[in-house]
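> model this:
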Amino acid sequence: QVQLVESGGGLVQAGGSLRLSCAASGRTFGNCNVGWFRQAPGKEREFVGAISWSGGWIWYADSVKGRFTISRDFAKNTMYLQMSSLKPEDTAVYYCAADFRPRATPGGKASEYDYWGQGTQVTVSS
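Predicted coordinates for the structure are as follows:
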């Protein structure tokens, strides 16, 4: 059993920054690919970015590329999403997710992830 807990969300002005954390318990993050997704009201959950089990493969959605950075701390069993130059359209609930299947590269679809956190709200004001 894996538990994922996100933290770090909040209210920020456009142009500001936030860092989200995703802490895992019950199983080490070192054996899985990890992804970040977000869901705005009335919209489907969308891919933000993902990092491979080794940390050597990272990719982002075009909408956040150059503004968001994913990293992971194996010792702390935690993954991070550093968000900069935030825009009002980044407002959403952000989720981290883990995939323990043996994929060489992390997936970009929600269906490819088995474990999900409860989400953390990010609100960007204009």
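> Ramachandran coordinates for the spatially most central residue of the chain?
With distances taken as C-alpha atoms, centre = their mean, the chain has residue 36 as the residue nearest its mean C-alpha position (2.4 Å). Here is the backbone geometry of residue 36 (degrees, to the nearest 10): phi -120, psi 140.
> is it true that it touches residue 46?
No. Taking contacts as C-beta atoms under 8 Å, residue 36 lies outside contact range of residue 46: 10.1 Å. To be clear about C-beta, it is placed using only N, CA and C from the backbone, and glycine gets the same treatment.
> quick revisit: bridged to the residue nearest to the centre of the chain, which residues?
residue 49, residue 96 (DSSP bridges).
> ok, it to residue 126 distance?
Per C-beta to C-beta, to the nearest Å, residue 36 is found 23 Å from residue 126.
> same thing with residue 78?
For residue 78, the distance to residue 126 equals 31 Å [C-beta to C-beta].
> These two - which one has more neighbours?
Applying other C-beta atoms under 10 Å to residue 78 and residue 126 shows that residue 78 carries more neighbours, namely 18 against 9.
> how about the nearest residue to the more buried one, chain neighbours excluded?
Nearest in space to residue 78, with sequence neighbours left out and distances taken as C-beta to C-beta, 6 or more residues apart in numbering, is residue 23 at 4.8 Å.
> would the one you found count as being in a helix?
No. Note on residue 23: no helix contains this position according to DSSP: H, G, I helix; E, B strand; the rest coil, which reports strand.
> tell me, how many neighbours does it end up with?
Residue 23 - counted by other C-beta under 10 Å - has 17 other residues nearby.
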